[in-house]
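[1] Need coordinates for the following:
(2 chains)
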Protein chains: 2
Amino acid sequence: MTDFDEVRLARAYLLGVAEPPAPAVAALIAECGPVEAARRIRSGTVPDAVAKETAARSELGDLGVTDADLTRAQEAGLRLIIPEDEEWPQWPLLSLGVADGRGVAGMTGPIALWGRGPARLDEAFDRAVTIVGSRAATGYGEHVAADWAYALARSGVTVLSGAAYGIDGAAHRGALAAGGVSAAVLGCGLGSGYPAGHVTLLRRIAERGIVVSEYPCAAPPARHRFLVRNRLLAALSAGTVVVEADRRSGARNTAGTAATLGKALMAVPGPLTSRTSSGCHEMLRSGAARLVTTAEDVLEDVGRLGIDLARPADRPRRGTDRLSGDALRVHEALLPRAGRSVERITAESGVPAPKARAVLCALELDGLSQRCEAGWRRGSGRGGRDTG
Amino acid sequence: MTDFDEVRLARAYLLGVAEPPAPAVAALIAECGPVEAARRIRSGTVPDAVAKETAARSELGDLGVTDADLTRAQEAGLRLIIPEDEEWPQWPLLSLGVADGRGVAGMTGPIALWGRGPARLDEAFDRAVTIVGSRAATGYGEHVAADWAYALARSGVTVLSGAAYGIDGAAHRGALAAGGVSAAVLGCGLGSGYPAGHVTLLRRIAERGIVVSEYPCAAPPARHRFLVRNRLLAALSAGTVVVEADRRSGARNTAGTAATLGKALMAVPGPLTSRTSSGCHEMLRSGAARLVTTAEDVLEDVGRLGIDLARPADRPRRGTDRLSGDALRVHEALLPRAGRSVERITAESGVPAPKARAVLCALELDGLSQRCEAGWRRGSGRGGRDTG
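    Alright, predicted model coming up:
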């Protein structure tokens, strides 16, 4: 039996008692840390707002999570990923924090995430595109979703979707057919076996990719949970593609959130005579989404946001093509000729100083950074290790 | 036999000798008037540029046009419409003059227009929308073109197109089915019977609407003539809708000109799997065109340009809903509270003073303008005649 630390146990408990999004619980955790937050909720000594967010589930009795519970989950192939873990997808989720900070309702980040599958969250969501759409998709929509997911997965992009019937399923299948990484975020617990017709698909996604949920394993699906889940579908990728959607649909909800989070929002056109394309056309006409005609268009649009999703092979190769996440941010904070201090680089890049220092050293090995009197500056990329 | 004045005879001659667009001939006409311009070209005492523009056709022998020629044309149901005529569509064609003045090549206005049909050009093109697209259209494209043309014609909008097979033909037919006015601009002479399969359609258009051409009656169709003609398709309406188009096509050419002229440019989405929608998607993705999903969208987009095409019944009714063309321009040049002189109103609206004065008086009757010390100001629209 593994010995889980108290932080993990506390977060497992908090995930169990708070129905997301739980801004008051999140604020309490930010204030006093997860262990103390869990203690206070257990003892009932919390502000009204916290009590309200944990009231619904408190009826379920004591949700105390023990080492044995987490061990059982682990044996079932699940793991609890917490913000304190290295694989926590902090950069994609930062968009939620920014929106939350701006006062956008419902954008509270998850307390922790249950995951099933070998992919590390930070890696899976470093280069990801969300593909969503109608459950009642047409053959045309499913064809486009599967075809583009295949191409994106072949480009090394994680195809993220919601594992629903229709467009979601086609997207996952396309990515799997390419032997790529697909990720699903569910609006129910990982143990709920929903949707029933996709149990095999979910198992296949978990073989190479990852299935995640912020709900306790047994949590049943519910409409509001899918809407809450949608913010993660929008946040965990660089952009969202809506393949087919009615004027009112869950996909439109995810799309709206993606736009709120400043992510690329793309829509696929279709015949005007098809009702399932009407939501796409509405987003295109209003200018909310950009029209995409190929998977290459998707890579291009996501690239406009400064996230380098296109494969180095698809373009003139530079030493920085391999960089992503922290490394890219740190590199972009360097000036070509003048040096900058680590403090300044930290401020510009948003990457914490210890991490920034490690990244700078790694970049130096590739010739992409150089030490100088004032600190660090950009390297030519020609020195150091072979970057070809 | 009608007695035609020398200006009309001169313009008929100029139309016969100059292959449009003929900027040098147009400049000569602007300099010394059509009668003197015709005399100089006949006598060969013209600058090189003019000689060049009239060289190709001078081989056809003397193109002298007589009263008898115009009488014969009149008997064949044709009339020559010249800029000196009251029905000359001067406001729509102003867009060509502006582009020409900005130095855009190929935007010279027509010397005159041959017309067949009862519709007056100024009235037909006062509220017009151009619908163009592939000759090799799909059933989907033809359905959309015919359906929207029907709706637009029912709204009192003239449906303008090029009488080609495919989208053009469907648009004309839709407008005719609504008992509305359709207009065709040809890239050949009105007597050339082209395209052969549309001779009956052209006859039907001419029964209620108008078929026009800037080419002498017998001029055969030619590829360059269709491209030259396209500037008139773009200029004579408030906006152009591309229903289906390949990446390279005549419709794209018309669309490009419409954008150059500052007209509304709209495109219809379709399935990505249809090659005939690829040009539309390209225009939508680049932002050159706006996506339209219904005929109402078209009316709305054209309305954005300040041209009030939508029927008063379709929206909250205001006194100004009925205004169009000159009246709308004059009304928009009025301030709600402060008065403006007729000179100032003329300068702001671009409507000549005598016309502006007449319009101001007409607006006054509807309560839409008021005389005041400084000249004229906006009225509330509530006084005067019933505007309901």
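[2] shaky segments in the stretch 201-350 of chain A?
    Scanning the stretch 201-350 of chain A for pLDDT under 70 picks out A:304-324.
[3] In it, which residue sits nearest chain B?
    Shortest the stretch 201-350 of chain A-to-chain B distance, computed as Cβ to the nearest Cβ: residue-wise this is A:P269, at 3.4 Å. Just so you know, the C-beta spots here come from the backbone N, C-alpha and C atoms, and that holds for glycine as well.
[4] my read: that residue touches B:A267, true?
    No - applying Cβ atoms under 8 Å as the test, A:P269 and B:A267 come out as separate, 9.7 Å apart.
[5] any common contacting residues for those two?
    Common contact partners of A:P269 and B:A267 (Cβ atoms under 8 Å, 6 or more residues apart in numbering or on different chains): B:281, B:284, B:291.
[6] What about the residues you listed, which are in strands?
    B:L291 (DSSP state E).
[7] Bridge partners for A:G239, pull those for me.
    A:V129, A:A264 (DSSP bridges).
[8] check contacts around the residue of the stretch 201-350 of chain A closest to chain B.
    By Cβ under 8 Å, 6+ apart, the neighbours of A:P269 are A:277, A:280-281, A:284, A:291, A:293, B:269-272, B:277, B:281, B:284, B:291.
[9] Show me which residues of the stretch 151-300 of chain A are close to chain B?
    Proximity of the stretch 151-300 of chain A to chain B (Cβ under 8 Å from any Cβ of the partner chain) is limited to residues A:268-273, A:277-278, A:281-282, A:284-285, A:290-294, A:297.
[10] among those residues, which ones are buried?
    Buried members of those, counted by 16 or more other Cβ atoms under 10 Å in any protein chain shown: A:268-272, A:277-278, A:281-282, A:284-285, A:290-293, A:297.
[11] doesn't A:T276 make contact with A:A251?
    No - the criterion here is Cβ under 8 Å, and A:A251 misses it with A:T276 at 9.9 Å.
[12] shared neighbours, the two?
    Contact criterion Cβ under 8 Å, 6+ apart; residues shared by A:A251 and A:T276: A:133-134, A:244-245.
[13] In CSV: those, plus distance to B:C217.
    Formatted as CSV, these follow (distance: Cβ to Cβ, whole Å):
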residue, distance to B:C217
A:G133, 55
A:S134, 55
A:E244, 51
A:A245, 53
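[14] which of these tops the neighbour count?
    Most neighbours among the shared contacts of A:A251 and A:T276, by other Cβ atoms under 10 Å in any protein chain shown: A:G133, with 37 neighbours.
[15] can you list the shared contacts of A:P269 and B:A267 in CSV and add distance to chain A?
    Shown next, in CSV, are the shared contacts of A:P269 and B:A267 (distance: Cβ to the nearest Cβ, whole Å):
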residue, distance to chain A
B:H281, 5
B:L284, 5
B:L291, 5
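[16] Roughly how far does the spatially most central residue of chain A sit from A:W91?
    Central residue of chain A (Cα atoms, centre = their mean): A:L236, 1.8 Å from the mean position. A:L236 sits 10 Å away from A:W91, going by Cβ to Cβ, to the nearest Å.
[17] follow-up on the earlier one: now the residue of the stretch 201-350 of chain A closest to chain B: how far from A:G141?
    A:P269 sits 11 Å away from A:G141, going by Cβ to Cβ.
[18] re the thing from before, which of A:A251 and A:T276 has more neighbours?
    In terms of neighbours (other Cβ under 10 Å), A:A251 is the more surrounded of A:A251 and A:T276; the figures are 33 against 24.
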